[in-house]
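Student: predicted model, plus sequence, below.
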Amino acid sequence: MVKNKLWCIGLALTFILPGFAKRKVPLSGQWGKSFKSSHPQYPILVWIEDNNKDLSLEFSSNLGLIKVIVTNSTGDIIHKQSVDTNVISFTIISLNKDVREDDIICITDGNYFIYGNLFNY
């Protein structure tokens, strides 16, 4: 009986722990109306997965067509992708290389712009 309980706990942890392996990317900038708050809320959340190559993006509302651009400190584009948030609310972007200290993610719809340091943890 004790072995069954331990086995069930181990099995549950197998599915739960990978969800904690990603790190949230703090974002700055302005999206939508400006509110006076020390913690602005953006309709986009970004995480970097534990493999240091995949980015997870979640959209809390339909924002239309947005552009996601990853650049390094010299401004070279590492990755550029358009995402139609009216069709999907979650996407994973796979980069060709590991994220470095100076890599920045920029997200825009043409009117609004937010960004974050991918190595900020």
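Tutor: On my side now, so go ahead.
Student: element containing residue 75, please.
Tutor: Using DSSP states H and E, residue 75 falls within no helix or strand.
Student: which stretches of this structure form strands?
Tutor: Remark: strands assigned in the chain by DSSP state E are 23-24, 28-30, 44-48, 54-59, 65-71, 77-84, 90-94, 104-108, 113-117.
Student: list the buried residues of the fifth one.
Tutor: This means strand 65-71. Using 16 or more other C-beta atoms under 10 Å as the burial criterion, the residues of strand 65-71 that qualify are 66, 68-71. The way it works is simple: take the backbone N, C-alpha and C, and place the C-beta from them, glycine included.
Student: tilt between that strand and strand 90-94?
Tutor: Relative orientation of strand 65-71 versus strand 90-94 (axes from the mean of the first three to the mean of the last three C-alpha atoms, to 10 degrees): 30 degrees.
Student: now what about strand 65-71, what contacts it?
Tutor: With contact meaning C-beta atoms under 8 Å, 6 or more residues apart in numbering, strand 65-71 is reached by 44, 55, 57, 77-85, 93, 95, 103-109, 118.
Student: just to revisit the earlier point, could the buried residues of strand 65-71 go into CSV alongside pLDDT?
Tutor: Listed next are these as CSV, based on pLDDT from 0 to 100:
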residue, pLDDT
66, 95
68, 95
69, 95
70, 94
71, 93
